[in-house]
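Asker: Predicted structure and sequence below. I'll ask about it afterward.
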Amino acid sequence: MNYTEFTKARRLKEKIAVNILKSIALISILTTVAILFFLFYETFNFFTTEMEDGGFVKPWEFLFGTKWTPLFKPQSFGILPLLAGTLLVTLIAVVVALILGLSIAVFLSEYAPENIRRIIKPLLEILAGIPTVVYGYFALTFVTPIIMNIVEIFGGNIIIFNALSAGLVMGLMITPMVSTISEDALISVPQQLRDASYAMGAKKFQTAFRVVVPAALSGISASVILGISRAIGETMIVTIAAGSTPNFTLNPLESIQAMTAFIVQISLGEAPHGSLEYTTIFAVGLVLFLMTLSLNIIGKWLVNKYSENY
Amino acid sequence: MSFEKTNFKKRESIDRFVNYLLFFSVFIAFITLISLIVDIFSDGFKWFDLQFFNSFPSRKPELAGIKAAFYGTVWVMSITALLSIPIGVSTALYLEMFADDSKFNRFIKVNISNLAGVPSIIYGIIGMAIFVEFFQMGRVILAGSLTMTLLILPIIIIASQEAIKQVPSYYMDAALALGATRWQAVVKVVLPQSIPGIVSGFILAMSRAIGESAPMIAISALVYLTFTPSGPLDRFTVMPIQIYNWISQPQDGFRGLAAAGIILLLVMLLSLNSIAIFLRDYFQKRN
């Protein structure tokens, strides 16, 4: 074999190798296709499978109905109670994460000296790495008793499984995410803006909250939106601590059921393939998927926006 | 004199107050982490013994243990690792080193970052639809591993891409200048240089996977297993499911077991992360 033939053979081999890599890269596209296909296909089946009373679930009843009783008669499939449960927990979580996360981010980027940063960053990484089932345990066995004691002192009524406890702990869970993205946004604000503010005689807190935070607003809102998306999709904390009673309420002291918790509840019982129960989890899953996807797209758009600005 | 009427002192004290207030948030996060650890150790430490490792689930808390779930986790994670490393690294190599900036390749990248944001429970029910039902595998380890692979692939791909990007371009240029083909330069020069980053990204993904409960519940459901799996086509349960199962039992003893299970889970996560740090340092020194 002469040199030209050798390089020709080698080129061919390498072309094949690159094409193999390319076809492996297509697995990610296939995954997306499979997610979309099965969510839509089983949701279609959900609307065409007979209920126990012989009727079918109508799409507008599913989207706007306020009763969710798939497991007992009379069956009713209005998703609003699950949606309300998810949004209630998410709201509490986001308030906690915004207050804690933004404060930590401002502290890290504007106030903390380097040696304190080096202690706090790993601490946040540990918080971010704790499995959600552990947070669920913590919510139920530590936070819930404290909340119950406080509520009872004031003479209120509270159930062991409540949205408040799950929301508070979930807020703690998404705090590292909110603070990391916000801090990135704060750090990328040009130093000249701070210098200009100091030159005008402003103190640190004035510079931080009137100059740096407003300048980093798109990044901070991105962190909140991505945090909301994380909270909506989170499963174990709400399953363990928030209960499994679909409740169309905004009272954080009541037991609720989140969308993800419903999916877990049905999955635990090995719903038979093709049954209405089986298709229900995909219909709920589709709603969940569309909500998180749109939030993620908006969040990423905002992140790119601030990295373009400076 | 009007100079003394400035609000300088007042602003100074506000500044100090804000500093303390912000630090207080850090303090709250720190205190919560401490109380979480103390809560778990005080509940679970007395249950954390040899009997706990060597026993299968039981109706009586004092006889129950984590053996089946521990082996299930090891099986699922091993197969997940075998599947996800080659797929993840190949995809990252293709996207960073061989893909041109065509619309299609950009679509793959956007798609991967969107997949990273899909809630894990969605992967669970999709894995159930594809592997358990469509391919008729049943609720077995292989189905769990394949689902877990889909779940952590975006993390591994993104981490590997970052690691490959970190390799200075003159490595590539030097290899090409010496007459290497693009493929040789990538596989023999760029890839070895990016191994530390890939390894730490991979371990991070694995520690995410070990703690995942929701998708595994969708695949394996709640089973009562009194054997350890002997192959990828056996039924299984994993540690987070077992922990969840114990949490949802009303008796106090099971709470202790759940906490003991969490201790084991946290110890495993800690060792994984230590290995990641060790490997990173080792490779960095060698290079």
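Answerer: Happy to help now that I have it. Residues are numbered from 1 along each chain as shown, chains lettered A, B, ... in the order given.

Asker: where do the helices sit along the stretch 101-250 of chain B?
Answerer: Counting by DSSP state H, counting those that start in this stretch, one finds helices in the stretch 101-250 of chain B at the ranges B:103-115, B:120-127, B:141-166, B:169-177, B:182-185, B:191-210, B:214-220, B:239-247.

Asker: Can you get me the start-to-end distance on stretch B:241-256?
Answerer: 15 Å (CA to CA, to the nearest Å).

Asker: Could you report the distance from the closest residue to B:Pro61 other than its chain neighbours to B:Thr32?
Answerer: Ranked by CB to CB, 6 or more residues apart in numbering or on different chains and with sequence neighbours excluded, the top spatial neighbour of B:Pro61 is B:Gly253, at 2.8 Å. Heads up, the C-betas are built off the backbone N, CA and C, glycines and all. Separation of B:Gly253 from B:Thr32 (CB to CB, to the nearest Å): 26 Å.

Asker: Then B:Arg182?
Answerer: On the measure of CB to CB, B:Arg182 and B:Thr32 end up 51 Å apart.

Asker: Please say which of the two ends up with more neighbours.
Answerer: B:Thr32 (19 against 14; other CB atoms under 10 Å in any protein chain shown).

Asker: And the helix or strand encompassing B:Gly44, what's buried?
Answerer: In this assignment (DSSP states H and E), B:Gly44 forms part of helix B:8-44. By 16 or more other CB atoms under 10 Å in any protein chain shown, the buried positions in helix B:8-44 come out as B:11, B:15, B:18-19, B:22-23, B:25-26, B:28-29, B:32-33, B:36-37, B:39-41, B:43-44.

Asker: near chain A, which of these show up?
Answerer: B:11, B:15, B:18-19, B:22-23, B:25-26, B:28-29, B:32-33, B:36, B:39-40, B:43 (CB under 8 Å from any CB of the partner chain).

Asker: List the contacts of whichever residue of the stretch 1-150 of chain B sits closest to chain A.
Answerer: Among the residues of the stretch 1-150 of chain B, B:Pro119 lies closest to chain A, at 2.6 Å counting by CB to the nearest CB. Applying CB atoms under 8 Å, 6 or more residues apart in numbering or on different chains, one finds that B:Pro119 lies in contact with A:Ile232, A:Gly233, A:Glu234, A:Thr235, A:Thr260, A:Leu288, A:Phe289, A:Thr292.

Asker: cutoff 7 Å now
Answerer: A:Gly233, A:Thr260, A:Leu288, A:Thr292 (CB atoms under 7 Å, 6 or more residues apart in numbering or on different chains).

Asker: Any chance of the backbone angles for the residue nearest to the third one when sequence neighbours are not counted?
Answerer: In space, not counting the residues next to it along the chain, A:Leu288 is nearest to A:Met259; the distance is 5.2 Å by CB to CB, 6+ apart. Dihedral angles of A:Met259 (phi, psi; degrees, to the nearest 10) stand at phi -60, psi -50.

Asker: just A:Ser76 next, same as before
Answerer: phi -140, psi 140.

Asker: quick one: buried residues of the strand or helix carrying B:Val89?
Answerer: Using DSSP H and E, B:Val89 falls within helix B:67-93. Neighbour counts over helix B:67-93 (16+ other CB under 10 Å) mark B:67-77, B:79-81, B:83-85, B:87-93 as buried.

Asker: what stretches of the stretch 51-200 of chain A score poorly on pLDDT?
Answerer: Applying pLDDT under 70 to the stretch 51-200 of chain A flags no residue at all.

Asker: show me where it has helices.
Answerer: A:59-64, A:80-106, A:114-129, A:132-138, A:144-153, A:163-187, A:191-199.

Asker: circling back to that earlier point, which two from the contacts of B:Pro119 end up farthest apart in space?
Answerer: Pairwise distances across the contacts of B:Pro119 peak at 10.5 Å for A:Thr260 and A:Thr292 (criterion: CB to CB).

Asker: Find residues that contact each of those two.
Answerer: In contact with both A:Thr260 and A:Thr292: A:Gly233, B:Pro119, using CB under 7 Å, 6+ apart.

Asker: higher neighbour count, the two?
Answerer: A:Thr260 (29 against 22).

Asker: and the nearest residue to the more buried one once chain neighbours are set aside, backbone torsions?
Answerer: Leaving aside its chain neighbours, A:Thr260 sits nearest to A:Thr235 (4.0 Å; criterion: CB to CB, 6+ apart). Phi and psi for A:Thr235, reported as degrees, to the nearest 10, are phi -120, psi -50.

Asker: Spit out the contact partners of A:Thr235.
Answerer: Neighbours of A:Thr235 in contact, by CB under 7 Å, 6+ apart: A:Thr132, A:Thr260, A:Ala261, A:Val264, B:Ser120, B:Ile121, B:Ala214.

Asker: Wait, the first one touches A:Ile237, no?
Answerer: Going back to what we said before, that points to A:Thr132. Yes: at 5.7 Å, A:Thr132 counts as touching A:Ile237 under the criterion of CB atoms under 7 Å.

Asker: of these two, who's got more company?
Answerer: Neighbours were counted for A:Thr132 and for A:Ile237 using other CB under 10 Å; A:Ile237 has more, 31 against 24.

Asker: Surely the more buried one is in contact with A:Val133?
Answerer: No: assessed by CB under 7 Å, A:Ile237 is found out of contact with A:Val133, at 8.5 Å.
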